[in-house]
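Undergrad: Mind looking at a prediction? Sequence and model below.
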Amino acid sequence: MTIEERLTKLERKNRMLTLALVLVSLAATLVVTVGMGPPEAVPEEVKARRFILVDAYGKARAGMFFDNADPHLDLLDENGNVRLGLTVVKGIGPRLGLWDENGKLRVGLALDKDFPSLGFYDESGKGRAGLTVAKDGPRFGLYDENGKMRSGMALYNAGPTLGFYDENGKARVGLGVNKDGPRLELWDGNGQVLRTLP
């Protein structure tokens, strides 16, 4: 074989290799481009009656759902107990609750039509202290294990008052300050004033 024949054969191989390389490059580009495809469209809106969020182990940790006509959002601990709950009660208003690990409500926050309130509960779920802000002023009450108010404090438009109540929830001692000055009242168990000072 002459040098010219060898050179021609080598040029032909070189052209074939170049063409093969171009075709492989085009195929690879095509595969990558088609594999990428258009970006997934993100929905503008998702509608459902219930959403449950689970952790890495598949346990429910949050839920959003409807109970009758009221929407709820619950956050759960690792044992599946509701620890925080938010709802909007139809015709009344929003509610936020904090529960302990035993499923007992310990703190409640509410916004009714007329006033906001904050309640604190013992380990059995009974209300022990509450704060409300009514139209005539803020009020704070302390309750015994039977749910009876034993002490209350209010800041009315006329002035501050402090009251003490017996085991039946009846007012027994009241202390207040109004425009006329301080006032102390003692009551019997039937709501009758026994003594007023001054």
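TA: In hand now; what should we look at?
Undergrad: low-confidence ranges in the protein?
TA: The model of the chain has pLDDT under 70 over residues 1, 7, 10, 30-39.
Undergrad: where exactly do the helices run in it?
TA: Assigned by DSSP state H, the helices in the chain fall at 3-36.
Undergrad: Now do the contacts for the most centrally placed residue in it.
TA: Nearest residue to the geometric centre of the chain (C-alpha atoms, centre = their mean): L86, 4.8 Å. Taking C-beta atoms under 8 Å, 6 or more residues apart in numbering as the criterion, L86 is in contact with H72, L73, D74, P94, R95, L96, G97. Using the backbone N, CA and C atoms, a C-beta is placed for each residue, glycine as well.
Undergrad: so who does the fifth one touch?
TA: Spelled out, that is R95. Residues in contact with R95, defined by C-beta under 8 Å, 6+ apart, are G85, L86, T87, V88, V89, G108, L109, A110.
Undergrad: Taking these together, which two end up most distant?
TA: Using C-beta to C-beta, the two most remote members of the contacts of R95 are V88 and G108, lying 14.3 Å apart.
Undergrad: more neighbours, the two?
TA: Taking other C-beta atoms under 10 Å, V88 and G108 do not tie; G108 has more neighbours (18 against 15).
Undergrad: what's the closest non-adjacent residue to the more buried one?
TA: Leaving aside its chain neighbours, G108 sits nearest to G119 (4.4 Å; criterion: C-beta to C-beta, 6 or more residues apart in numbering).
Undergrad: how close does that neighbour get to Y143?
TA: Taking C-beta to C-beta, to the nearest Å as the criterion, G119 is separated from Y143 by 9 Å.
Undergrad: try G93
TA: For G93, the distance to Y143 - C-beta to C-beta - is 22 Å.
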